[in-house]
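**Student:** Make a model of this:
(one chain, ligands or ions: 2)
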Amino acid sequence: MLLTNLSIATMVNGYSLIEKGAVLIEKGVIKSVGPDTPKGDAVDCGGRLLTPGLIDCHTHLVYGGNRASEFEQRLNGATYSDIARAGGGIMSTVRATRAASEAELLESALRRLESLLAEGVTTIEIKSGYGLDVETEMKMLRVARKLGNLRRVDVKTTFLGAHTFPQEFKENHEGYVSIVCDQALPRIVSENLADAVDAFCEGIAFSVEETKSVFKAARAFNLPVKLHAEQLSNLGGAKLASRFNALSVDHIEYLDEDGVESISKSGTVAVLLPGAFYYLREKQAPPVAALRKYKVPIAVATDLNPGSSPVHSLLATMNMACVLFGLTPEEALLGVTANAARALGLKDRGVLREGYRADVVVFDPDTVADMATYENPKQFPKGIDYVLVNGTVVIDKGQHTGARPGKVVYGPGKRSRVR
Ligand code: NIG
Ligand code: FE
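**Tutor:** Numbers count the residues shown, from 1 in each chain. Ligands and ions are numbered 1, 2, ... in the order given. From the prediction side, this is the model:
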């Protein structure tokens, strides 16, 4: 397949654009990217923008229940931490997720996934962390894996058993850390349910020492680590993460320059989550100037979850990263492509270059600034003309083609059906 007459954001060595370019795809892989050379058998893309498939590298897409009442409580003066300490917050979603069947979790997660896919997301990371017991954590991860079989999207899963301490272990942290490390992790590894391990290092969650135990256990199984760090206060989680060569540290509103320097040395990606900053009405923005100074790769993700970031749009999140944190549109695009791939440890995608996966998006908005402006797109859905995953066309002229693995029927006039 040859796509011509394109403006190509290759993202090779940072943001770079080929003004009038063409890309050749063969067997799911990019064969060549370069200047346009008119040929008969090509798809003329009318000068549109071609980017790598978008990567949402931090989500909590699978969960039960809803937390709108907490949004209301915060607007009436309660803080995110107050609500968590009173047994709400993450624990509220834990109760709903434990009560939900696997089929129910799958159905609701699919609906959320669809809205991301319609924007050109081709790889998504999904965390557990609303089970906080072995069975429910595994249930969440199985659902996440299944989503990748039901839709043309590559799903990477992350075990987040260390999201917070469940009610029954509030007074026995050691006991719960042992469940995470000695019971959940070995079973999750033996069933190949996780590609990475994450924790929430914060006053209302895991301390630095407790996080360290989880990281040690993960590394013993050869799993890479990530960390929710420095979201509400500066505990030094990012520094610990850098000592474990973490793939990423995420949120990092309270990260100081010292912390930025440490993660720059370990090659750890800084994942910014403007949706959570926005929903929680936070005041302190992440240290973007220091991240630039130390050349730390910056990624941007939705953090899709019912409590701190009920955001189902990666394009809107790019816009928030620009408005709230001052990223340029080019930085925002890097954040959902090349740097997001890095945050997941993926070396075969995120840039358009020979030999890489043919995950690409043709946008109707013609420039990166259009994308980040998030202005009314011309095409339905969401300004997407074409999406290719692994070389297969999954959206054609804004419409799903029905190219799906598994037993799911989806397309114009058909309802999606999950078995
Ligand atoms: O990334 N910060 C911790 N964890 C999630 C939110 C979890 C929740 O509130 O349900 C986050 O914001
Ligand atoms: Fe998160």
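**Student:** Please identify the helix or strand for Val249.
**Tutor:** Taking DSSP states H and E as the criterion, Val249 maps to strand 248-251.
**Student:** For the stretch 301-419 of the chain, which residues are neighbours of ligand 1?
**Tutor:** Asp303, Asn305, Gly307, Ser308, Ser309 (CB under 6 Å from any ligand atom). (Each C-beta comes from the backbone N, C-alpha and C, glycine too.)
**Student:** quick one: which of these is most hemmed in?
**Tutor:** Asp303 (29 neighbours; other CB atoms under 10 Å).
**Student:** Contact partners for that one?
**Tutor:** His58, Thr59, His60, Asp250, His251, Leu273, Gly275, Ala276, Ser309, Val311 (CB atoms under 8 Å, 6 or more residues apart in numbering).
**Student:** Quick one, grab the pLDDT at the fourth one.
**Tutor:** Taken from the predicted model, the pLDDT recorded for Asp250 is 98.
**Student:** Can you name the residues bridging to it?
**Tutor:** His228, Val271 (DSSP bridges).
**Student:** and it, how many residues sit next to it?
**Tutor:** 28.
**Student:** who are the neighbours in contact with the residue in the chain positioned nearest to ligand 1?
**Tutor:** Closest contact between the chain and ligand 1, by CB to the nearest ligand atom, is at Gly307 (2.7 Å). Each residue near Gly307 by CB under 8 Å, 6+ apart is listed here: Arg67, Glu70, Tyr80, Gly89, Ile90, Ser92, Thr93.
**Student:** same check, this time on Leu116
**Tutor:** With CB under 8 Å, 6+ apart, Leu116 has these contacts: Asp56, Ile124, Thr302, Leu304, His312, Ser313, Leu314.
**Student:** Same question for Glu19.
**Tutor:** Ser7.
**Student:** Pretty sure Thr97 sits against Glu104.
**Tutor:** No. Assessed by CB atoms under 8 Å, Thr97 is found out of contact with Glu104, at 9.7 Å.
**Student:** shared neighbours, these two?
**Tutor:** Gly64.
**Student:** and Glu168, how many neighbours?
**Tutor:** 11.
**Student:** That should have said Glu171, apologies.
**Tutor:** Neighbours of Glu171 (other CB under 10 Å): 7.
**Student:** that older thread, for the strand holding Val249, buried residues please.
**Tutor:** Ser248, Val249, Asp250, His251 (16 or more other CB atoms under 10 Å).
**Student:** ranges for the helices of the stretch 301-419 of the chain?
**Tutor:** Using DSSP state H, counting those that start in this stretch, the helices of the stretch 301-419 of the chain run over 314-325, 329-335, 338-343, 368-373.
**Student:** now those helices as CSV including mean pLDDT and mean neighbour count?
**Tutor:** Output for the helices of the stretch 301-419 of the chain, formatted as CSV (pLDDT from 0 to 100; neighbours: other CB atoms under 10 Å):
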stretch, mean pLDDT, mean neighbour count
helix 314-325, 97, 22
helix 329-335, 98, 24
helix 338-343, 98, 27
helix 368-373, 88, 20
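**Student:** that older thread, turn the buried residues of strand 248-251 into a markdown table, including distance to Glu331.
**Tutor:** As requested, the buried residues of strand 248-251 are exported to a markdown table (distance: CB to CB, whole Å):
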| residue | distance to Glu331 |
| --- | --- |
| Ser248 | 16 |
| Val249 | 17 |
| Asp250 | 17 |
| His251 | 17 |
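**Student:** Greatest separation within those residues: which pair is it?
**Tutor:** Greatest spatial distance among these (CB to CB): Ser248 and His251, at 10.3 Å.
**Student:** who touches both of the two?
**Tutor:** Val271.
**Student:** Any stretches of this protein with poor pLDDT?
**Tutor:** Within the chain, the ranges that satisfy pLDDT under 70 run 38, 376-383, 403-419.
**Student:** Could you tell me which residues of it lie near ligand 1?
**Tutor:** Gly89, Ile90, Thr93, Phe200, His228, Gln231, Ala276, Asp303, Asn305, Gly307, Ser308, Ser309.
**Student:** and the third one, which of the three is it?
**Tutor:** What it means is Thr93. helix (DSSP: H, G, I helix; E, B strand; the rest coil).
**Student:** ok so, going back, now the residues of the stretch 301-419 of the chain next to ligand 1 as a markdown table including distance to Ala290?
**Tutor:** Compiled in a markdown table, these are given as follows (distance: CB to CB, whole Å):
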| residue | distance to Ala290 |
| --- | --- |
| Asp303 | 21 |
| Asn305 | 27 |
| Gly307 | 28 |
| Ser308 | 23 |
| Ser309 | 23 |
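**Student:** and of the residues you listed, the nearest to Gln167?
**Tutor:** Out of these, the member with the shortest distance to Gln167 (by CB to CB) is Gly307, at 16.3 Å.
**Student:** follow-up on the earlier one: may I see the residues of the chain next to ligand 1 organised as TSV, with distance to Gln399 added?
**Tutor:** Shown next, in TSV, are the residues of the chain next to ligand 1 (distance: CB to CB, whole Å):
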residue	distance to Gln399
Gly89	40
Ile90	38
Thr93	34
Phe200	39
His228	37
Gln231	39
Ala276	33
Asp303	29
Asn305	30
Gly307	34
Ser308	34
Ser309	29
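**Student:** can you tell me which of the residues you listed are in strands?
**Tutor:** If you go by DSSP state E, those have Phe200, His228 in strands.
**Student:** Quick check: the gap between Val155 and Ile124.
**Tutor:** Remark: distance between Val155 and Ile124 (CB to CB, to the nearest Å) = 6 Å.
**Student:** quick one, which of those two is more surrounded?
**Tutor:** Ranked by neighbour count (other CB under 10 Å), Val155 and Ile124 place Ile124 first, with 31 against 20.
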